[in-house]
Each structure stands twice: as structure tokens, then as C-alpha cells.
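> predicted structure and sequence below. I'll ask about it afterward.
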Amino acid sequence: MAVRGAKIRAVLFDVGGTLVDERDFSGWADLARRLFLDLDIDNLAHAYTETEGKYDAHPPSGSQESRLARFWHDVLSRAAERELEPEVGLKFLRLRSPDERPIRLYSDVRRCLDTLAHERRHLGIVSNSSSEASLRRLLDRVGVLSYFERIVSSGTEGVAKPDAAIFRRATERLQVEPTETLYVGNLPWTDTRAALAAGLHSVWLNRDGTGMGSDPPEITSLLEVPLCVRQIERGEM
């Protein structure tokens, strides 16, 4: 259990949906056409959001690739409004080029990281992703790799969020206690509640929310993270 009033020595972040926006609905619709699927972009966006919420609350088991293939099968089936053949998710996944896809650094990231670095907080990444190497390429591509002392990827570690082990590996490598660590992610179950269960402090970055939620604790911008750190240290969170 996270300790109220603890000194926060480290802040860990998720990547996709937290630091970078990897959504590319137009590009995904183009890829789907290569599989003979003519999808409406708005339907695809809605299907993606719904499926992300479903998988956050009930994460599947299996390898990173198998989980992603099932995710994309469900997204494409919802968008097409019919059940597609099981292999369509894997086919779609293999059409995507991770090093060519559009990615955008959210506008609040640098100010947040600069403030935390100035306060001498240790910074790290815990992400469900294909590998540590791919994460490093992505973070380097958007110009923020140098901020992070440790990068922990499920694909490299062989363990994924919401398993407590992946959070604890990050704290061990930063040589901090879970109770001295804040985790920030955009998914309420896979990120926020999982980190809390692992003994870390955690906040849910809900960019489309109100910031009023307390179960789990909710923020709407990364600019609130330094304030959250100070509130935790004062015992107010």
C-alpha cells in the first residue's frame, strides 16, 4: 500500500496515450483497405476507444503479439460492424511499420519532465510494448529519451502490466522503494489501479475527463504531476 506523506524520489510514466499520441485513424483505415475492409474513420475511432476500455478492464493473457492481434481483431470487427475472421488482427498488425507510424509528443510533456528533473526526481518508463529497444527509438524520435534513467518494457521483461512485478522491477533498478514512487498512465485499471496494487502512488491521466475523479485519482494534464508529487509528500493524496 502507498504511504501518505512519503517522499517521492521517482516518477514513472506509461508511453502511448500518456507521453505520445500514436493514434492514426486515417492511416489505420488505409491499412484496413489493404485487407479489403472499407471502414468509416469515425467508426474506427469509436471502436478503438471502446476496445481499449474493454482490454484495460479485462486484459488478455498470452504474448505481446497475440494480445495485440486480438485487440486489433476486436477493433476492426467493431468498426466493420461484423465479426471478422480470427487471423485479421495479426494480418493488420504485421502491416503496421512501428518506425514509420505518425507519433506526436503531447504538448504538456516537456514542461512536466523539465520540472521533475529540476526537482531531482528520478524518471523512468514502464510500458507494455514490444521491446526496450523499440521504446528507446520512439522516445528518441520525439526527443525525450535523455530524461529517463530506466526504461522497462513488457516485451523485454516477459511480464506485462497489470502484473505488479513490472512496476517493482522499475523501482528496483532506480534503487527506490515503491512507496517513494509515483506512476502516471492513461488507463485506469492497467496503469493506475495496477500501480497502486503494486505499492506505488499513482494517478490516472484522463485527458478527456474532468479531473474530479478520486477512484482512481484523476488528472487531465501532465502539468498537474509536479503538484501531485507535492500533495503526496504533504499527505494530501
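Thanks, I have the structure now. Numbering: from 1, shown residues only.
> now name the helix or strand holding Gly211.
According to DSSP states H and E, Gly211 maps onto no helix or strand at all.
> just give me the neighbour total for it.
13 (other Cβ atoms under 10 Å). Using the backbone N, CA and C atoms, a C-beta is placed for each residue, glycine as well.
> hang on, Ile166 is in a strand, isn't it?
No: applying DSSP: H, G, I helix; E, B strand; the rest coil, one finds Ile166 to be helix, outside a strand.
> in a helix, Ser130, correct?
No: counting by three-state DSSP, Ser130 is not part of a helix but coil.
> and what about the residue of the chain most remote from its centre, helix, strand or coil?
What lies farthest from the middle of the chain is Phe36; by Cα atoms, centre = their mean that is 30.2 Å. Counting by three-state DSSP, the backbone at Phe36 sits in coil.
> and the gap between it and Val88?
10 Å (Cβ to Cβ, to the nearest Å).
> residue contacts, Gly16?
Applying Cβ atoms under 8 Å, 6 or more residues apart in numbering to Gly16 gives the contacts 22, 127, 129, 186.
> what are the bridge partners for the residue lying closest to the third one once chain neighbours are set aside, then?
So that's Ser129. Nearest non-adjacent residue to Ser129, counting by Cβ to Cβ, 6 or more residues apart in numbering: Ser153, 4.7 Å away. The residues listed as beta-bridge partners of Ser153 by DSSP bridges are Ser127.
> how many other residues sit next to Ser153?
The number of residues packed near Ser153 is 22, by other Cβ under 10 Å.
> list the contacts of it.
Ser153 neighbours (Cβ under 8 Å, 6+ apart): 125, 127-132, 134-135.
> how about the nearest residue to the most centrally placed residue in the chain, chain neighbours excluded?
Centrality entry for the chain: nearest residue to the mean C-alpha point is Asp14, 3.9 Å, by Cα atoms, centre = their mean. Nearest non-adjacent residue to Asp14, counting by Cβ to Cβ, 6+ apart: Gly185, 3.5 Å away.
> quick one: that neighbour from His46, how far?
For Gly185, the distance to His46 equals 22 Å [Cβ to Cβ].
> also Ala57?
The gap separating Ala57 from His46 is 17 Å, by Cβ to Cβ.
> quick one, which of these two is more surrounded?
Applying other Cβ under 10 Å to Ala57 and His46 shows that His46 carries more neighbours, namely 15 against 12.
> for that one, give its distance to Leu139.
Using Cβ to Cβ, His46 is found at 29 Å from Leu139.
> one more: Leu187?
Leu187 is 19 Å from Leu139, by Cβ to Cβ.
> repeat that for Lys7.
With Cβ to Cβ as the criterion, Lys7 and Leu139 are 27 Å apart.
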